[in-house]
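A.B. asks: what would the 3D arrangement of this be:
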Amino acid sequence: MHCPSNKCKMATGRLFLFLLALQSGASAFAPSWSVSTMPSIMPRKEISTMNRTRRRKRRAGSDETYNKVSANDDTEDRENRDSATGGDLTAIGWQQYFFNQLVESDSDEENLTPVRVTEVLSRDISIIGARGVEELIPNIPPKQQQLDTDSNDVLKAQAAIAASTVLVGDWILVNDRRQIMEILDRRSLLQRRAPGRGQGGKIQLMAANVDTVFVVSSCNQDFNVARLERYVAMALEAKAKPVIVLTKRDQWDGLDEEESMLPIYAEEASEIIAKGLQIPVVMLDARGSEPADKLREWCGPGQTVAFMGSSGVGKSTLVNSLCGRAVAKTGDIHEDSGQGRHTTTRRQLHFLPGRCGILDTPGLRELQLVNASNGLAEVFADLVELSQHCGFRDCKHNGEPNCAIEAAILNDEIDYERFKRWQKLVEEDELNLKTMMEHERRTRESSKSTNASLRKKKKAIPRSQQKKNKQYRKRF
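C.D. replies: The predicted structure follows:
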């Protein structure tokens, strides 16, 4: 018979004393277990399940941090939002277009509440409802809108991805647990090609449900006709109304009419638009009460406006002037180049009491169009119509016979520089769209080849080893 060692006897004795202490309720005999020395008696699989449950509850909004008002929400901002909404969703942009979707919603959830997105963070989003109080909720798109992104049509796949991405200005439906159940269809969508190299023609989604886009440029070295045409085409493609706003008018005060460049800026801004396309041009000083007076027409109750332009043109100053207080940071500009510094780093939607919602956007150093053929056709409608009279449908307007565009240029009926800008934007839009489709095709082919190699590699592993690997993974 095997005789137990002294260590085994000691361990058995300690276990007996511990069980005796538990049974008798006396804590004096119980050893003082510490967190660091206490053995883990819970299997790893159960611990992982418990942690996943906690994370799921936290994402679902059961954590108190998601139900509290933002820490940056001071009393003054809260009062302004309360007076801005007045308990009415129409004050923050609710329209019949969204109400029809709410009626036709096929969600199984009850007590769905429509709220609007005012800011998108890395993991959370800020929303505002009829009460006018902002909340932070997890940025998790609804499951039914995470599907249908694997389409053979690149444009349909991009549209599906856009539909499942929460943007500033979106109207979403949330349940009692503050989960996003549905993203309502958008009336307008501002987008551009993602800046930087190596993006493969990806589309960057900027904002949704904007009624008016204020294309801001300053009356100095920053003024650029070609850039204004890009912004106007983007706004028209997004199904928003563009308005050209020229700031820094005060820099020319005190000069004679012959020395002032203001009439030239106003004339060039007006001439970039095709005949028949009425786009207002407003010239003002971004400081003081002038913006509120001259932009009142587009800043009515329930309207949503966005300021877009390069850095240093006065977008944040305009936002502060309309809001009546400093809600956006402002910066200085370089005296030599007239270019501004980036002060706005994120997109935020501010609501004015009894008036509109204002979207302040960061300055765009680069704006490349993609899938914006409709917007370009509206900006250059006269050139598009004239090209229909060319001798060939695919006329490149470069020496082809019976070219109506070249004939009009020779007769001084159209501006040659404007024609070249139109050609450049059309070629850029087609190239970016082609690049995007080619990048999407290569990505799918690479994904298919990777999955095929993994399946092939799995088949090469013996069945006994696969079983061991499966059992090993279950342990964790």
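A.B. asks: just the buried residues of the helix or strand containing residue 114, please?
C.D. replies: Per DSSP states H and E: residue 114 is located in strand 113-120. Buried residues in strand 113-120, counted by 16 or more other C-beta atoms under 10 Å: 114-120. Placement of C-beta: from N, CA and C, glycine included.
A.B. asks: so in that sheet, which strands flank it, and in what orientation?
C.D. replies: Here strand 113-120 has these sheet partners by DSSP bridges: strand 124-128 (antiparallel), strand 171-174 (antiparallel).
A.B. asks: redo the buried residues of strand 113-120 as TSV? Include distance to residue 399 and pLDDT.
C.D. replies: Listed next are these as TSV, based on distance: C-beta to C-beta, whole Å; pLDDT from 0 to 100:
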residue	distance to residue 399	pLDDT
114	57	92
115	58	92
116	53	94
117	51	93
118	54	92
119	53	91
120	50	90
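A.B. asks: among these, which one lies nearest to residue 313?
C.D. replies: Nearest to residue 313, judged by C-beta to C-beta, of the buried residues of strand 113-120 is residue 119 at 22.4 Å.
A.B. asks: which residues touch the closest one?
C.D. replies: Neighbour list for residue 119: 125-126, 168, 346-349 [criterion: C-beta atoms under 8 Å, 6 or more residues apart in numbering].
A.B. asks: which one (most neighbours) among those?
C.D. replies: Among the contacts of residue 119, the one with the most neighbours (other C-beta atoms under 10 Å) is residue 168, at 26 neighbours.
A.B. asks: re the thing from before, need the strands paired with strand 113-120 in CSV with distance to residue 313 and mean pLDDT, can you?
C.D. replies: What follows is the strands paired with strand 113-120, written out as CSV (distance: least, C-beta to C-beta, whole Å; pLDDT from 0 to 100):
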stretch, distance to residue 313, mean pLDDT
strand 124-128, 26, 90
strand 171-174, 29, 92
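A.B. asks: make JSON lines out of those strands and add distance to residue 306.
C.D. replies: JSON lines is the format used below for the strands paired with strand 113-120 (distance: least, C-beta to C-beta, whole Å):
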{"stretch": "strand 124-128", "distance to residue 306": "17"}
{"stretch": "strand 171-174", "distance to residue 306": "16"}
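A.B. asks: residue 402 is nearest to which of those?
C.D. replies: Comparing the strands paired with strand 113-120 by C-beta to C-beta, strand 171-174 comes nearest, at 50.9 Å.
A.B. asks: buried residues, the helix or strand just after the closest one. List them.
C.D. replies: Following strand 171-174 in sequence order, the next helix or strand is strand 180-183 (DSSP H and E). By neighbour count on 16+ other C-beta under 10 Å, the buried set for strand 180-183 is 180-183.
A.B. asks: what mean pLDDT does strand 180-183 have?
C.D. replies: With pLDDT averaged residue by residue, strand 180-183 scores 89.
A.B. asks: that one - contacts with which helices or strands?
C.D. replies: strand 171-174 (3 or more C-beta pairs under 8 Å, 6 or more residues apart in numbering; DSSP states H and E).
A.B. asks: what sits against residue 294?
C.D. replies: Residue 294 touches 282, 284, counting by C-beta under 8 Å, 6+ apart.
A.B. asks: distance of it from residue 434?
C.D. replies: Distance of residue 294 to residue 434, given as C-beta to C-beta, to the nearest Å: 42 Å.
A.B. asks: now the contacts of residue 119 as a markdown table including secondary structure and distance to residue 104?
C.D. replies: A markdown table is the format used below for those (DSSP: H, G, I helix; E, B strand; the rest coil; distance: C-beta to C-beta, whole Å):
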| residue | secondary structure | distance to residue 104 |
| --- | --- | --- |
| 125 | strand | 24 |
| 126 | strand | 27 |
| 168 | coil | 25 |
| 346 | coil | 33 |
| 347 | coil | 29 |
| 348 | strand | 31 |
| 349 | strand | 26 |
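A.B. asks: quick check, nearest of these to residue 193?
C.D. replies: Using C-beta to C-beta, the contacts of residue 119 come closest to residue 193 at residue 347, 17.5 Å.
A.B. asks: and the buried residues of strand 180-183, which is closest to residue 159?
C.D. replies: Comparing these against residue 159 with C-beta to C-beta places residue 183 closest, at 12.7 Å.
A.B. asks: ok, that closest one touching residue 162?
C.D. replies: No - Residue 183 lies out of contact with residue 162 (C-beta atoms under 8 Å); the separation is 9.8 Å.
A.B. asks: related to what we said a few turns ago, got the CA coordinates for the strand holding residue 114 in CSV?
C.D. replies: What follows is strand 113-120 as a C-alpha-only set of coordinates in CSV (Å, rounded to 0.1, in the frame of the first residue of the first chain):
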residue,chain,number,x,y,z
THR,A,113,-37.5,56.9,-30.9
PRO,A,114,-36.2,59.0,-33.7
VAL,A,115,-33.1,61.0,-32.8
ARG,A,116,-30.6,63.0,-34.8
VAL,A,117,-26.8,62.5,-34.8
THR,A,118,-24.8,65.6,-33.9
GLU,A,119,-21.3,64.2,-33.8
VAL,A,120,-19.6,60.9,-34.6
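A.B. asks: now residue 243: which helix or strand?
C.D. replies: Residue-wise, residue 243 maps onto strand 241-247 under DSSP H and E.
A.B. asks: now what about that strand, what contacts it?
C.D. replies: Contacts of strand 241-247 (C-beta under 8 Å, 6+ apart): 211-219, 223, 228, 231-232, 235-236, 265-266, 269, 279-286, 295, 298, 307, 313-314, 317-318.
A.B. asks: can you flag which of the residues you listed belong to strands?
C.D. replies: When DSSP state E is applied, these are split such that 212-218, 281-283, 307 fall in strands.
A.B. asks: any idea how far residue 98 is from residue 431?
C.D. replies: For residue 431 relative to residue 98 (C-beta to C-beta), the value is 36 Å.
A.B. asks: let me see the contact set for residue 415.
C.D. replies: residue 271 are the contacts of residue 415 under C-beta under 8 Å, 6+ apart.
A.B. asks: the same query, at a cut-off of 7 Å, please.
C.D. replies: For residue 415, the contact set (C-beta atoms under 7 Å, 6 or more residues apart in numbering) is empty.
A.B. asks: what does residue 355 give?
C.D. replies: 299, 301.
A.B. asks: so it, which state does it fall into?
C.D. replies: Following DSSP: H, G, I helix; E, B strand; the rest coil, we place residue 355 in the coil state.
A.B. asks: low pLDDT regions in the stretch 1-150 of the chain?
C.D. replies: By pLDDT under 70, the weakly predicted segments of the stretch 1-150 of the chain are 1-11, 13, 17-18, 20-87, 106-110, 143-150.
A.B. asks: and with 80 instead?
C.D. replies: Scanning the stretch 1-150 of the chain for pLDDT under 80 picks out 1-88, 103-111, 132-133, 141-150.
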